[in-house]
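Student: Pasting the sequence and the predicted model now:
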Amino acid sequence: MTSDPPLSDAVESTAEDIASMEIRGAATIARAAADAIAGQARETADGTTTPDEFDRTMRRAGRRLYDTRPTAVSLPNALRYTLGRMEGDDVDTLRDSVLAAATAFTDRLDRAQNDLGRVGANRLRDGDTVMTHCHSTDALSCVEHAVDQGKDVSAIVKETRPRNQGHITATQLRELGVDVTLVVDSAARRYLDDADHVLVGADSIAADGGVVNKIGTSGLAVNARERGVPIMVAAQTIKLHPDTLTGHTVEIEMRDETEVIDEDDRADIGDITVENPAFDVTPPRYVDAIVTESGQFPPESIVTLMRELFGESADRPWEEPDATTADATGPTA
Ligand SMILES: O=P(O)(O)OC[C@H]1O[C@H](OP(=O)(O)O)[C@H](O)[C@@H]1O
C-alpha cells in the first residue's frame, strides 16, 4: 500500500501557526483555513492526480487543520463551506469549485464583519466607555463603526492573561483614536463602574445561547450583571456551533502550562498542578445581546438563526465519506 503524499506547505504551516497561536482569533483562523484549503487545491491539481486522490487529499488537509484547536467553531465552519462545495467529475472542476468556495467564504467574512460592526455601533452612544476582554476583530469592528459615525468612545482593556491579547486590543484601539486604559484582569470589577458596556467576541455560540469565549469572560459577565453593565457579544454567524443543535457540547481547549508559568519558576515552587483552559462558557442569562451580521439577538433566540443557517445538523466534509459522525463531544466548562 502506498503512503499518502505530504500535504502542501500552505496547510502544514497554517496548521502549525494556528496551533501555536501565531494565527489566532476565530475569524482570522477561519480565513487562514480557507486560504490553506485553496492552496492545497492548487497544489494537488498538478495534472497527475485522479479525482479520487484529489478528494482524499482535500479531506486529509481538512482533518489536519481541524485537529489544531478544538474550541473555535469558525474553523470547522470554514472547512464545511469550502470542502462542502467541492464538486465535479474531473480534477480541474473539483479544484475550481474549491477555489471559488474559498474566495466566496473570505468575501463573506469581510462583509459579515463590516455589517456586524454597523449593528454593534448602534448600541454605542457618544461618550460611552466599553470594557473589553481578549482581542476580537468582531468586537473591534463595532468600535470602529461607532468612531466612524463620529462617536467618542473610550475603552477599559483587560490584559487577558496568560497571553495578553489585551495588548493587541489596546494597540488597535489607539490606532482608531480611542482613549485606552489598560488594567490587569483582577481589576475588572473595580473599573466596571466606569464602563457603559462589556464588549467581547466569541469563539463559539451554543444553541442555548451560551457564549464560549476567552477564559475569564464568564466571571466578567457575572460581575457586569451585578453592576448593571450590559454585556454585548460581537459574533458573526460563523461562530454559531451547529453540533450543539443535536446536544453535543463544545470542547474547551486546554493549553500548555508553560503559558502560565515558566519551567524555572515552577521548579522553584515545587510539586504543583497547573491548569490552563483557554476558554469558558458564559450562560445566556448573563448576556444581553449577541450582535451578528444578521442583526442583534437575545441569546435565547440565537437557535432560530442557527437552524436557518445549518438545518438540524451539520456535515463534516473533512471526514472520509463513510466515517461515522460521532464525536463533537468533549469536556465543557
Ligand atoms: O473572531 P474574532 O472576533 O477576531 O475573535 C474571537 C475570539 O478569538 C479569541 O481567541 P484566541 O485568542 O484565538 O484564543 C478570543 O477569545 C476572541 O474573543
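Tutor: It's in.

Student: list the buried ones in the helix or strand hosting residue 143?
Tutor: Secondary structure from DSSP states H and E places residue 143 in helix 137-148. Buried residues in helix 137-148, counted by 16 or more other CB atoms under 10 Å: 137, 138, 139, 140, 141, 142, 143, 144, 145, 146, 147. C-beta here means a position set from N, CA and C on the backbone, and glycine is covered the same way.

Student: Quick check: residues of the chain near the ligand?
Tutor: Counting by CB under 6 Å from any ligand atom, the positions of the chain adjacent to the ligand are 24-28, 134, 136-138, 165, 200-201, 203, 213-214, 278.

Student: how about the strands of the stretch 101-250 of the chain, start to end?
Tutor: 129-132, 154-158, 179-183, 197-200, 204-205, 211-214, 231-234 (DSSP state E, counting those that start in this stretch).

Student: helices or strands up against the shortest one?
Tutor: So the one you mean is strand 204-205. Helices and strands touching strand 204-205, by 3 or more CB pairs under 8 Å, 6 or more residues apart in numbering; DSSP states H and E, are strand 211-214.

Student: got the contact list for the strand it packs on?
Tutor: 71, 133-134, 160, 165, 200-206, 217, 233, 235, 241, 250, 252, 278-282, 284, 287, 290, 299, 333 (CB atoms under 8 Å, 6 or more residues apart in numbering).

Student: Sheet partners, orientation included, of that strand?
Tutor: According to DSSP bridges, strand 211-214 forms sheet pairs with strand 204-205 (antiparallel), strand 279-282 (antiparallel).

Student: so how far is the first one from its chain's centroid?
Tutor: It stands for strand 204-205. 8 Å (CA atoms, centre = their mean, to the nearest Å).

Student: what does the last one give?
Tutor: Relative to its parent chain, strand 279-282 has a centroid offset of 13 Å by CA atoms, centre = their mean.

Student: Around the nearest residue to residue 168 once chain neighbours are set aside, count how many other residues there are.
Tutor: Spatially, and ignoring its direct neighbours in sequence, residue 168 is nearest to residue 135 (4.2 Å; CB to CB, 6 or more residues apart in numbering). Neighbour count for residue 135, taken as other CB atoms under 10 Å: 24.

Student: again with residue 217
Tutor: 28.

Student: what about it, distance to residue 94?
Tutor: 41 Å (CB to CB, to the nearest Å).

Student: now swap in residue 26 and tell me
Tutor: 28 Å.

Student: which one of the two has more residues nearby?
Tutor: Between residue 26 and residue 94, counted using other CB under 10 Å, residue 26 has the larger neighbour count: 28 against 21.

Student: any idea of the angle the helix or strand that residue 42 is a member of forms with helix 137-148?
Tutor: Secondary structure assignment for residue 42, by DSSP H and E: helix 26-44. Angle, helix 26-44 to helix 137-148, by axes from the mean of the first three to the mean of the last three CA atoms, to 10 degrees: 120 degrees.

Student: just checking, what packs against helix 26-44?
Tutor: Partner elements for helix 26-44 (3+ CB pairs under 8 Å, 6+ apart): helix 9-20, helix 51-66, helix 74-83, helix 91-123, helix 137-148.
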